[in-house]
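[1] sequence-free structure coming up:
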C-alpha cells in the first residue's frame, strides 16, 4: 500500500502537467506575466458571457456580428496559446520568453484583423490588397505554430498538407490535379472570408462551446466534481467490484460537464483507480475501466466534447434533435460498461467496500428507489404544466417569477444540506476507506443539480438556443458559486460573512480563468480545422476523395465504413476529438451518404456524423498514442500500452454501436414513436449486455467458444432483426417504371416509395442512385406527382424527369432534369421484423440454462 501511495503521489505532478499541457497550457508564471495571463483568460470568459447575453441589445452597446465575434475569439485563443504553452519541452515554465510575447501579440493582431478592419474588408470582397495578404500569411503561420504548441504536430501537418495541395494543384498527379489557387486567393479564402479559418467550426466554438466549457469549469470549482464521485461511491461502492462501477457512473456524470477525456481520467481516476485496485483489479484493468468510462463521457449529451454543436451546423437539424439521436447509444454504452465491470468482478470473485449505510432488505431498497423516481416524475410534471398554466397569466413577468422561485428552492436545498456534514476529499490510499452514507452525501449537494436543470429546461422546453441556454445556466451557476459558502455557513451557525463572500468570488475568478484556459486548445483546433474545410471547398478535393474511396471500397458500403473508421482512428491519434470530427466528417460524411444511396441503403446524415464522431473518440483509447490511457497508467502505476489495449477491449461495445445504428436507425430514435422508443431502448440494452458477455467470455460462468459465438449472433439479431427478415421476405416489391404514377396513387398517405434513378454526377459520368419518396398529399397519382413537384415524360420507352419545380420536395431530394427512372419499389405487407427476436431470445434462454446447470454443478455440461 505504501508503494502505491508513493507512486501515486510521485506521479501527481506529472499528472497535473499532463492535463495542463493537453488542456490548459502548463505555464503558470509568477509576478506580472502570470497576472497578465490570468486576467486575459478571465476577460475572455467575460467577453463570451457578454456576447451571449441579451445585454448588448438591451443597452445598444457592444453588439458584435458573427464574424467580428469569431475574430475576437480567435485573437484571445492565439494570444493565450503563446502565453500558456511553451514552444518546446525544454522551454521555461516559470516565465514567458520575450519572443513568445512578440509572437502572441502579432498572432492576436492577425486574429483580430477581421474585427479591426471589418468595414474596409467589406468594401473590397474578394480583392485583397497587399496588407491583407501579408497579415493573412502571418496569421496562418502563427496559427499553425500555436496548433503545434497546444495540440502537437499532427493537426499542423495535416493543415500544411491541405495548404500545399491548394497551391500545388496543377502539379498533382492524375485525378488529384486541379487548376490551383494563388497565394492571394488562398489567403482571401482562408483568412478574409468565413469559408476557412473563420468558418462554421470557429463560429460554433465562439457561440456555443465556450459557454458550456465555462459552465463545466464553474460547476467543478463549486465542488460538483467531488460531489458526483462521492454520490457514485455511496450508491455503488459496496457491490461486487463496486469502486469500478462507481468509477463508471462518476465519470459519466463528470462527462456531462467536461469535454476532455484526459481531464476526466485524472479528476475521477486519482480517487477511483486506487479504490479499484483495493478490491482486486490489476493496475492495468483499473486504469482501463477509468479510461473507457472517461472517454465515453464525450459521447454523453449535452456537451459531447463540442461535437453536438458542430452537428447542428453541419447536419442542419436542431440541437434538441441531435441530443435525441445521440442519447440512447450513449446510455446503452454506459450501462454495458457497468455490466462489463460486474463480469470482471464475478470472474475474480471480488468483494465491495464496507458500506456505511444501515442494512436494508432488497424490497425496501426497490420501493425507496421507485418512490424517489415517482416523486421526481410528479415534480417534473407539476413544474412543466404549472409553468405552462402560469405563463399566459404572468406574461412578461414570468422570467422574474421563475428566478425568484429558483432562488427560494436553492436556499431551501442549502438549508437541507446544512444539516449534514460538508463533503471532504478522501485519501483513496488511506489504510481504511469506509464508504460515505448515501442520504447525507446526496442531500448535501443537491444545489448542484439546479443549474443542470436550468440548462436542460432552457434547451428542451423553452427551446432557447444552446448559447443562450448555457448563458442562463452559467448566470445561475455564478450566483451559486458566490453565495453557497456564506449561506451554508449562516445555516450552520459558523458564519464569517466577509471571508466566505471573498472565497466565493475567488472560486468564481478561478472558474472564469480555468474555463478560458480549457478553451484555448478547442479554439485553436476549430480554427485550424477550418483551414482543411476551406481547402476542401476551394479545391473540390471532396469529390476527388469520393472517387478514390469508391475505388478502394469497390462501391461496398461496409468497406467504406471500415475505411472511415480506420481513418478516424489514425487521425484521432494526433488530433483532438473536435478537430478529428470536423476533418473526417467534411471529407467522408457526404461520400458515405452518396455510396449508401447507390447501394440502396439510405443513411441519414446524422447517423454518418455520429459514426465519425464515435471513432474519433476511440482514438483516445487506442494504442500506441491514446493519451487517456497514459494518464490512467500514471495514476495506477500500470503499463500504458497494456492499459490502452485493455481499455480498447472494454470499448468494443462503443466501436460496435456506430455500425449498428448505421444499419438500424431505430437506435437513434429516427422516425420512432415514444412507445417504440422505450421498446428499442430495452431490447438494445439487453442486446448490448449480451454482446458484452460474449466479448468478455463470461456470463453466469465462463463461456464455451460456441456459446460466445451464439451470444454474438443473438445480440446481432436483437440489434438488427431486419437483416434476417429481409432474407425471408423482401420488404419491397418491384414495379415497372411505367406504372410509377399509378403506384403513387395507390399508396397510403403515410407510406414511402423507393425509386431507383439513373443520371449523371458532378463530372458528367453515369450515376445510379436510390431515393426515398414520401407519398405527398393528393387524391390521384397525377395530383400527388404535381404536389411533389415532378413532371415526367416517356422518351424512347423510358420514363424521364421532364421538370422539377423550384423549391419543391422533389428538388430537395435530388431529382433533376433528364434523369431516368429505372425502377419503383413499393413496401409490402409482411411480418414485423421484431418477430425475429423470439428465436434469438429462445437461443439466449438455452445458453442461460446451460450455464446455470454448469455453474451449479447439478449436471454434466450440455453438448450441442
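    Done, it's in. Just so you know, these numbers come straight off a predicted model, no measurement behind them.
[2] what about the residue nearest to residue 42 when sequence neighbours are not counted, helix or strand, and which?
    Leaving aside its sequence neighbours, residue 42 sits nearest to residue 512 (C-beta to C-beta, 6 or more residues apart in numbering; 4.5 Å). All C-beta spots, glycine's among them, are computed from the backbone N, C-alpha and C. Here residue 512, judged by DSSP states H and E, is contained in helix 497-539.
[3] same check, this time on residue 754
    strand 752-760.
[4] now tell me what touches that strand from outside.
    Contacts to strand 752-760, defined as C-beta atoms under 8 Å, 6 or more residues apart in numbering, come from residues 600, 602, 732, 740, 743-744, 747, 766-775, 815-816, 818-827.
[5] swap in 6 Å and give it another go.
    732, 767-774, 819-826 (C-beta atoms under 6 Å, 6 or more residues apart in numbering).
[6] per-residue confidence at the residue nearest to residue 42?
    The per-residue pLDDT reported for residue 512 equals 93.
[7] returning to that earlier point: partners of the following helix or strand past the strand holding residue 754 in the sheet?
    Using DSSP H and E, the helix or strand that directly follows strand 752-760 along the chain is strand 766-774. Here strand 766-774 is paired, per DSSP bridges, with strand 752-760 (antiparallel).
[8] and the partner strand, which residues are buried?
    Buried residues in strand 752-760, counted by 16 or more other C-beta atoms under 10 Å: 752-757, 759.
[9] cool, and stretch 492-500?
    So, applying 16+ other C-beta under 10 Å, buried residues of stretch 492-500: residue 500.
[10] gap between residue 551 and residue 560?
    11 Å (C-beta to C-beta, to the nearest Å).
[11] of the contacts of strand 752-760, buried ones?
    767, 769-771, 773, 819-821, 823-826.
[12] closest one of the residues you listed to residue 252?
    residue 770 (38.9 Å; C-beta to C-beta).
[13] the closest one contacts residue 597, doesn't it?
    Yes. Residue 770 lies in contact with residue 597 (C-beta atoms under 6 Å); the separation is 5.2 Å.
[14] who does the helix or strand where residue 838 lies touch, helix- and strand-wise?
    Per DSSP H and E, residue 838 falls inside helix 837-856. If you count contacts as 3 or more C-beta pairs under 6 Å, 6 or more residues apart in numbering; DSSP states H and E, helix 837-856 packs onto helix 705-719.
[15] report the buried residues of the helix it packs on.
    Here helix 705-719 shows 707-708, 710-712, 714-719 as buried, counting by 16+ other C-beta under 10 Å.
[16] and for stretch 444-461?
    444-448, 450-452, 454-455, 457-459.
[17] give me the pLDDT for residue 116.
    On pLDDT, residue 116 comes in at 92.
[18] quick one, what contacts it?
    Residue 116 neighbours (C-beta under 6 Å, 6+ apart): none.
[19] mean confidence score for the strand holding residue 754?
    Per-region confidence: strand 752-760 scores 81 on mean pLDDT.
[20] in the stretch 1-150 of the chain, which spans are helices?
    2-19, 31-52, 55-59, 66-84, 98-111, 113-116, 118-123, 130-151 (DSSP state H, counting those that start in this stretch).
[21] now do the last one, average pLDDT.
    Along helix 130-151, the predicted local confidence has a mean pLDDT of 93.
[22] in whichever helix or strand comes after that helix, what counts as buried?
    Sequence-wise, the next helix or strand downstream of helix 130-151 (DSSP H and E) is helix 153-167. For helix 153-167, a neighbour-count test (16+ other C-beta under 10 Å) marks 154-156, 158-159, 162-163, 165-167 as buried.
[23] just the residues contacting helix 153-167, thanks.
    Applying C-beta under 6 Å, 6+ apart, the contact partners of helix 153-167 are 144, 147-148, 181, 186, 528, 531-532, 535, 539, 574-575, 579.
[24] hmm, back to that, make a markdown table from the buried ones among the contacts of strand 752-760 and add distance to residue 423 and pLDDT to it.
    Compiled in a markdown table, those are given as follows (distance: C-beta to C-beta, whole Å; pLDDT from 0 to 100):
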| residue | distance to residue 423 | pLDDT |
| --- | --- | --- |
| 767 | 62 | 74 |
| 769 | 59 | 79 |
| 770 | 57 | 78 |
| 771 | 57 | 79 |
| 773 | 59 | 78 |
| 819 | 66 | 82 |
| 820 | 70 | 85 |
| 821 | 67 | 84 |
| 823 | 66 | 81 |
| 824 | 65 | 82 |
| 825 | 61 | 81 |
| 826 | 62 | 80 |
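[25] tell me the average confidence for the helix or strand hosting residue 454?
    Assigned by DSSP H and E, residue 454 belongs to helix 449-456. For helix 449-456, the mean per-residue pLDDT is 84.
[26] chain center to the one helix or strand residue 406 maps to: distance?
    Following DSSP H and E, one finds residue 406 within helix 398-417. The gap between where helix 398-417 is centred and where its chain is centred comes out at 31 Å by C-alpha atoms, centre = their mean, to the nearest Å.
[27] please spell out which residues along that helix are buried.
    Buried residues in helix 398-417 (16+ other C-beta under 10 Å): 402, 406, 410, 413-414, 417.
[28] between these, which sits nearest residue 463?
    residue 402 (15.6 Å).
[29] contacting residues around the closest one?
    Contact partners of residue 402, counting by C-beta under 6 Å, 6+ apart, are absent.
[30] reformat the buried residues of strand 752-760 as JSON lines; add distance to residue 282.
    Conversion of those to JSON lines gives the following (distance: C-beta to C-beta, whole Å):
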{"residue": "752", "distance to residue 282": "53"}
{"residue": "753", "distance to residue 282": "57"}
{"residue": "754", "distance to residue 282": "52"}
{"residue": "755", "distance to residue 282": "57"}
{"residue": "756", "distance to residue 282": "55"}
{"residue": "757", "distance to residue 282": "57"}
{"residue": "759", "distance to residue 282": "59"}
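[31] which one of the helices of the stretch 1-150 of the chain is the most hemmed in?
    The highest average neighbour count among the helices of the stretch 1-150 of the chain, using mean count of other C-beta atoms under 10 Å, belongs to helix 66-84 at a mean of 25.
[32] what about that helix, average pLDDT?
    In the prediction, helix 66-84 has an average pLDDT of 94.
[33] do stretch 719-733 as well
    In this model, stretch 719-733 has a mean pLDDT of 81.
[34] for the remainder of this discussion, apply numbering that starts at 21.
    Let's use 21 as the start, then, which means that last one is stretch 739-753.
[35] contacts for that stretch, please.
    By C-beta under 6 Å, 6+ apart, stretch 739-753 touches 680, 683-684, 707, 774, 845-848, 850, 853-854, 856-857.
[36] list the buried ones in that stretch?
    So, applying 16+ other C-beta under 10 Å, buried residues of stretch 739-753: 739-742, 745.
[37] in those, find the pair that's most separated.
    Counting by C-beta to C-beta, the most remote pair of these is 739 and 745, 13.2 Å apart.
[38] tell me the one of the contacts of helix 173-187 nearest residue 831?
    Nearest member of the contacts of helix 173-187 to residue 831, counting by C-beta to C-beta, is residue 559, at 27.0 Å.
[39] report the separation between the closest one and residue 580.
    Residue 559 is 22 Å from residue 580, by C-beta to C-beta.
[40] cool, residue 610 as well?
    According to C-beta to C-beta, residue 610 stands 12 Å off from residue 580.
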